[in-house]
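Student: turn this into a structure:
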Amino acid sequence: MTFKYCPQCATELALLTLEEDGGPKERLRCPACGFTHWNNPTPVLAAVIECVDREGQVLLARNAAWPGRFFGLITGFMEAGETPEDGIRREVAEETSLQVDALNLLGVWDFQRMNQVIIAYHAQARGEIVLSPELAEYKLIKPEDVRCWPAGTGQAMATWLRSRGIEPQWLDLPKI
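Tutor: Residues are numbered from 1 along each chain as shown. All right, here's what the predicted structure looks like:
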């Protein structure tokens, strides 16, 4: 979220340079009260879901708000007061109704285009798949048939595939 006005005093924010740890830094700041809009990245949780009761197939889903027919990982925002592990378990349950049996951290990636930090897990899950209204449809794919995408959570999928001895195949997507 980008602020135009100070949330403390309603003065219009300006790009001002101040000395910070590590040197001068230009940020949106309030010239009246000194408020700084830090614009730090938002933590986003992601899961490569391996359906253990469906021969280890990977679940990919299409978000109802996305244009086209792109299928990706289950993702969501971490909520205040929860650990990343609790958050991804909650997101998987909310969006797919699957129960997570085991979690393993795959890694952390920056996604600068969306000003996010992605914390990705491999989730072994089971149960009946019932999608939330947030998701339009899903696919179950054998790991060796998954095609990775070059940005965001695609790096997590590639990391998981490599951990299973599968060299990732990449989609050729247009640059945004």
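Student: which one's the longest strand in the chain?
Tutor: strand 99-111 (DSSP state E).
Student: and the most centrally placed residue in the chain, what does it touch?
Tutor: Nearest to the geometric centre of the chain sits Val44, at 3.9 Å (CA atoms, centre = their mean). Val44 makes contacts with Thr75, Gly76, Phe77, Met78, Phe111, Met114, Gln116, Val117, Ile118, Ile119, as judged by CB atoms under 8 Å, 6 or more residues apart in numbering. Every C-beta, even on glycine, is put in place using the N, C-alpha and C of the backbone.
Student: measure the residue nearest to the fifth one when sequence neighbours are not counted to Ala158 for me?
Tutor: Using CB to CB, 6 or more residues apart in numbering and skipping the chain neighbours, the partner closest in space to Phe111 is Gly152 (4.8 Å). Separation of Gly152 from Ala158 (CB to CB, to the nearest Å): 11 Å.
Student: tell me how far the residue lying farthest from the centre of the chain lies from Glu26.
Tutor: What lies farthest from the middle of the chain is Ala32; by CA atoms, centre = their mean that is 35.9 Å. For Ala32, the distance to Glu26 equals 18 Å [CB to CB].
Student: same thing with Gly107?
Tutor: Taking CB to CB, one finds Gly107 at 30 Å from Glu26.
Student: higher neighbour count, these two?
Tutor: Per other CB atoms under 10 Å, whichever of Gly107 and Glu26 has more neighbours is Gly107, with 12 against 9.
Student: look up phi and psi at the residue lying closest to Gln169 once chain neighbours are set aside.
Tutor: Closest residue in space to Gln169, ignoring its immediate chain neighbours: Arg147 at 5.2 Å, by CB to CB, 6+ apart. Backbone torsions for Arg147, taken as degrees, to the nearest 10, come to phi -110, psi 120.
Student: show the model's pLDDT score for Leu173.
Tutor: At Leu173, the pLDDT value in this model is 65.
Student: low-confidence ranges in the chain?
Tutor: Applying pLDDT under 70 to the chain flags residues 1, 173-176.
Student: the strands in it, which residues?
Tutor: 14-20, 23-29, 36-37, 42-51, 57-63, 74-77, 99-111, 116-126, 135-141, 147-148, 169-170.
Student: and Ala93, which of those strands is closest to it?
Tutor: strand 99-111 (6.9 Å; CB to CB).
Student: counting contacts, what elements does that closest one pack onto?
Tutor: Applying 3 or more CB pairs under 8 Å, 6 or more residues apart in numbering; DSSP states H and E, one finds that strand 99-111 contacts strand 42-51, helix 84-96, strand 116-126, helix 154-163.
Student: for my notes, please list these in CSV and give distance to Glu137 for each entry.
Tutor: Formatted as CSV, the helices and strands packed on strand 99-111 follow (distance: least, CB to CB, whole Å):
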stretch, distance to Glu137
strand 42-51, 15
helix 84-96, 12
strand 116-126, 18
helix 154-163, 18
